[in-house]
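Asks: Just a sequence and a predicted model for now, questions to come.
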Amino acid sequence: MKVTAGSLESSDCFITISKSDTLVIDIESVVFEQFGDDILKVISDTLNSHKITKLHVLCQDKGALDYTVKSRLETAIKRMGENHE
């Protein structure tokens, strides 16, 4: 089951999450060289706040600000429901 949130428009990101036996975070970003570590931290912190340790997250970023990445990920998590592990 894959769940998505967001868009591929400029200044947004498209988050896809799916069940996994481990935690996998893939980031594709137009600003990865400058902000890849920051994007990873936002995703990791958001997952930690939800106590999620097993999930595959794909973030296709088009220059989104931190709060946008977080809100898109939280939306996807809510859409997936309680069955994320």
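Replies: Thanks, I have it. Numbering: from 1, shown residues only.

Asks: where does the chain have low pLDDT?
Replies: Within the chain, the stretches with pLDDT under 70 are 82-85.

Asks: Show the residue spans covered by the strands in it.
Replies: 2-6, 13-18, 23-29, 55-61 (DSSP state E).

Asks: which residues of the protein fall in helices?
Replies: Per DSSP state H, the chain carries helices over the ranges 32-49, 66-80.

Asks: who touches Thr68 in this structure?
Replies: Gly6, Ser11, Asp12, Cys13 (Cβ atoms under 8 Å, 6 or more residues apart in numbering). In this view, the C-beta of every residue, glycine as well, is placed from N, C-alpha and C.

Asks: ditto for His56
Replies: So His56 contacts Ile17, Ser18, Lys19, Ser20, Val24, Asp26 (Cβ under 8 Å, 6+ apart).

Asks: contacting residues for the last one?
Replies: I take that to be Asp26. His56, Val57, Leu58, Cys59.

Asks: returning to what we had before: among the contacts of His56, name the buried ones.
Replies: Ile17, Ser18 (16 or more other Cβ atoms under 10 Å).

Asks: okay, the contacts of His56 in CSV with distance to Phe35 next?
Replies: Listed next are these as CSV, based on distance: Cβ to Cβ, whole Å:
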residue, distance to Phe35
Ile17, 20
Ser18, 24
Lys19, 28
Ser20, 24
Val24, 20
Asp26, 15
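
Asks: so which pair among the contacts of His56 is furthest apart in space?
Replies: Maximum pairwise distance among the contacts of His56 (Cβ to Cβ): 14.9 Å, between Lys19 and Asp26.

Asks: which residue packs closest to Val24, ignoring adjacent ones?
Replies: His56 (4.5 Å; Cβ to Cβ, 6 or more residues apart in numbering).

Asks: From Ile15, how far off is that neighbour?
Replies: 11 Å (Cβ to Cβ, to the nearest Å).

Asks: likewise Gly6?
Replies: Note on Gly6: its distance to Ile15, by Cβ to Cβ, is 5 Å.
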